[in-house]
Every structure is written in structure tokens, then in C-alpha cells.
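**Q** need a 3D model of the sequence below.
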Amino acid sequence: MSENQDNSNCRISRNVLIKAPGLLPMLYTPREIAEDLDVPETTLRDWLNHGAPHRRDGSNHIWIDGKEFAAWIDNQRNARKKPAHKLEAGEGFCMRCNAIVKIQNGEIRPVKGHLSHLKGKCPNCGGIVNRGIWNAGSSELPQG
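**A** Below you'll find the model as predicted:
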């Protein structure tokens, strides 16, 4: 059984992402996995604390299944690829509220070519919300 303390994402290097699928379906010690992936053993132990699959035997030694660990690495990579929320017409991201909001009193200014700048106010905090838009038209301006 793995010991999960925290399921948050860990920082995993590109080198590890490339090497992890090559791990064999066998039990490794933390030192062996660290050497195979060219990472410090302390980094590997941090990953174990963040939910990487591992087992402890009767002597309290840590064992890591190579294929389970490779699948966990792949899952961590895919967890970071969250689908971006497409902004609707008249929406922007308020940096104060840290949220997508409908822009109030929006004003469009052409910048260059097909790129325009939509600037308005956040309905929640009153802060300025900016958004770059392509092919500016009346459909980008919020109603009301």
C-alpha cells in the first residue's frame, strides 16, 4: 500500500519524464530509482511524500515498483496540463479577484493588424481588466 501524504503536483524535470517509461516492472530501492532517473535521492523521497507509489516491508525498507512509479510520473505530467477555459465574448481575467469576470464598460482599441485591446472594469472589485482580442467587433463588447 502506498503512503500518500499530499497529492499535489511535484516539479518533475523533462529528463525524468523521458527516462521514467524505461523503468522495469520490478521492485527498486529509492537509491536505485534515483540513480536510474539521475535525480538526487532527496528529490525522490520528496516525491514519495507527495504520493508516489511505494511500499514498506517488515523491516521498514522502502520498495518502489518501476511500472507503477512510471505511471505516477506520467500522471503528474498530465495533471499539469489542465484544459484552459475559453473566454467568452466580453470576459477577461481579473488579477485582483483571480477569476474570470464579465468586463464592464468595455472599450476596444486597435493595436496592430487583427489584434485589439479590450479594457474595462471588474464587476466584483472595480479593478481594471485587460484582454487582447482578435478581429475586434461589437460581439466582444459586453452588453450593459
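**Q** P53 in helix, strand or coil?
**A** Three-state call for P53 (DSSP: H, G, I helix; E, B strand; the rest coil): coil.
**Q** which elements pack onto the longest strand along the chain?
**A** Criterion DSSP state E: the longest strand present in the chain is strand 104-112. Using 3 or more CB pairs under 8 Å, 6 or more residues apart in numbering; DSSP states H and E, the elements in contact with strand 104-112 are strand 115-121. Any C-beta I mention is one placed from the backbone N, CA and C, and that applies to glycine too.
**Q** for the strand it packs on, give the mean pLDDT please.
**A** For strand 115-121, the mean pLDDT works out to 89.
**Q** switch to numbering from 480
**A** All set: I'll call the first residue 480, so the last point we hit is now strand 594-600.
**Q** following it, which helix or strand comes up?
**A** strand 607-613 (DSSP states H and E).
**Q** buried residues in stretch 506-518?
**A** For stretch 506-518, a neighbour-count test (16 or more other CB atoms under 10 Å) marks 507, 509, 511-513, 515-516, 518 as buried.
**Q** would you pull up how far the helix ranked longest in the chain lies from the middle of the chain?
**A** With secondary structure taken from DSSP state H, the chain has its longest helix at helix 545-559. Chain-centre distance of helix 545-559: 14 Å, with CA atoms, centre = their mean, to the nearest Å.
**Q** one step back: export the longest strand of the chain to PDB, keeping only CA atoms.
**A** Taking Å, rounded to 0.1, in the frame of the first residue of the first chain, the C-alpha atoms of strand 583-591 are listed here in PDB:
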ATOM      1  CA  GLN A 583     -18.000  46.200 -17.600                       C
ATOM      2  CA  ASN A 584     -17.700  49.400 -19.500                       C
ATOM      3  CA  GLY A 585     -15.500  47.700 -22.100                       C
ATOM      4  CA  GLU A 586     -13.600  49.800 -24.600                       C
ATOM      5  CA  ILE A 587     -11.900  48.400 -27.700                       C
ATOM      6  CA  ARG A 588      -8.800  49.900 -29.100                       C
ATOM      7  CA  PRO A 589      -7.000  48.600 -32.200                       C
ATOM      8  CA  VAL A 590      -3.300  47.600 -31.600                       C
ATOM      9  CA  LYS A 591      -1.900  46.100 -34.700                       C
END
